[in-house]
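Trainee: Give me a 3D structure for the following:
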Amino acid sequence: MGIEEITGRIARDLEHLKQYTATPGNGCTRLPFTEEARHAVEYLKELMVESGLEVTIDAAGNVIGVLKGEDEDAPCVMMGSHYDSVYNGGDYDGIAGVICAIEVARLLKEEGINVTATAVYDLMQAYMALEAKADYIAPYVNRIGNLGADPFELINELSNRIIMDGYESKIVAASFKGVQQVKDALNNGAQAVTVPVEVLKQIFANPNIEKAVNDFNQDWYSMYGDNIGICDLKD
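Mentor: The predicted structure follows:
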């Protein structure tokens, strides 16, 4: 995408927000908790959702958009500014920082950088991630169960919603403490799982598997000798 198109989108959004002022033609007057501020908030929420952000509003009226990555422990990049103004303030004061931050999120999405909605604990949170067009949704199986809810019911209902409404998001279940949890997650519609090494080891902690591997090794060594691998065989 060219710089002209990027700057054009920024200019379009800034020009749209200029109309939300109590003093048209005399600078921007968009005081907190006024009608003008509410209109600005609705427009910003719409832009954020279209850009793939999960949107919340806190008690102080801050509009927070989060574009989640694949590693929840990685540090975040925080951008933004204020959308309100003083009396007869500048048209772009504050709001330019908000619009430019949203544009960064747009570009990340358009460049094909996958977005994961992680730390999903309930169905409504997952539905919000669908509407935000998250590429992956990661319900935390064991943690949901510890809170007294059914993680597999959540995965099943979310999977059905994805199919019925034609969403492209995929379910990547996480937070496992045992093999059965992994099986149940996949059986209920998760397309993928992220599993600790300790749980993966449990999958192979089976006497029958261990015996089969040992029998195979003995047969191989009796035929070809010790310390001979398949790549060492010659025609």
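
Trainee: give me the low-pLDDT residue ranges for this protein?
Mentor: 70, 235 (pLDDT under 70).

Trainee: All the helices of the protein, residue numbers only.
Mentor: Ranges of helices in the chain, per DSSP state H, are 3-18, 35-50, 95-110, 123-131, 141-146, 151-165, 179-187, 197-203, 207-224.

Trainee: Show me the one of those that comes nearest Gly27.
Mentor: With Cβ to Cβ as the measure, helix 3-18 is the member of the helices of the chain nearest Gly27 (10.1 Å). Quick note: C-beta positions are derived from backbone N, CA and C, even for glycine.

Trainee: Contacts made by the closest one with the rest, please.
Mentor: 28, 40, 43, 47, 83, 91-92, 95-96, 99-100, 102-103, 106-107 (Cβ atoms under 8 Å, 6 or more residues apart in numbering).

Trainee: cool, stretch 25-44 as well?
Mentor: The contact list for stretch 25-44 (Cβ under 8 Å, 6+ apart) reads 16-18, 20-23, 57, 61, 63, 83-91, 93, 95, 98, 102.

Trainee: Just the buried residues of those residues.
Mentor: For the contacts of stretch 25-44, a burial check counting by 16 or more other Cβ atoms under 10 Å picks out 17, 20-22, 63, 83-85, 89, 93, 95, 98, 102.

Trainee: For Asn156, state which of those is nearest.
Mentor: Asn156 lies nearest to Val63 out of the buried ones among the contacts of stretch 25-44, by Cβ to Cβ, at 32.7 Å.

Trainee: That closest one touches Glu46, doesn't it?
Mentor: No: counting by Cβ atoms under 8 Å, Val63 stays clear of Glu46, with 10.9 Å between them.

Trainee: Just the ones of the contacts of stretch 25-44 in strands?
Mentor: Residues of the contacts of stretch 25-44 located in strands (DSSP state E): 57, 63.

Trainee: re earlier: of the contacts of helix 3-18, keep whichever come out buried.
Mentor: Among the contacts of helix 3-18, the ones that count as buried by 16+ other Cβ under 10 Å are 28, 40, 43, 47, 83, 92, 95-96, 99-100, 102-103, 106.

Trainee: how about TSV for those residues, with distance to Tyr136 added?
Mentor: As requested, these are exported to TSV (distance: Cβ to Cβ, whole Å):
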residue	distance to Tyr136
Cys28	39
Ala40	31
Tyr43	28
Leu47	22
Tyr83	30
Tyr92	35
Ile95	31
Ala96	32
Ile99	27
Cys100	26
Ile102	21
Glu103	23
Arg106	19
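
Trainee: between the residues you listed, which is closest to Leu53?
Mentor: Distances from Leu53 to the buried ones among the contacts of helix 3-18, taken by Cβ to Cβ, are shortest for Ile102, at 7.7 Å.

Trainee: Now do the same contact list for the residue lying closest to that closest one once chain neighbours are set aside.
Mentor: Sequence neighbours aside, Leu47 is the residue nearest to Ile102 in space, at 5.2 Å (criterion: Cβ to Cβ, 6 or more residues apart in numbering). Residues counted as contacts of Leu47 (Cβ under 8 Å, 6+ apart) are 13, 99, 102.

Trainee: same thing with Arg161?
Mentor: The contact partners of Arg161, taken as Cβ under 8 Å, 6+ apart, are 127, 130, 167.

Trainee: Recalculate using a threshold of 7 Å.
Mentor: Arg161 is in contact with 127, 130, counting by Cβ atoms under 7 Å, 6 or more residues apart in numbering.

Trainee: now Ser81
Mentor: Ser81 neighbours (Cβ under 7 Å, 6+ apart): 94, 97-98.
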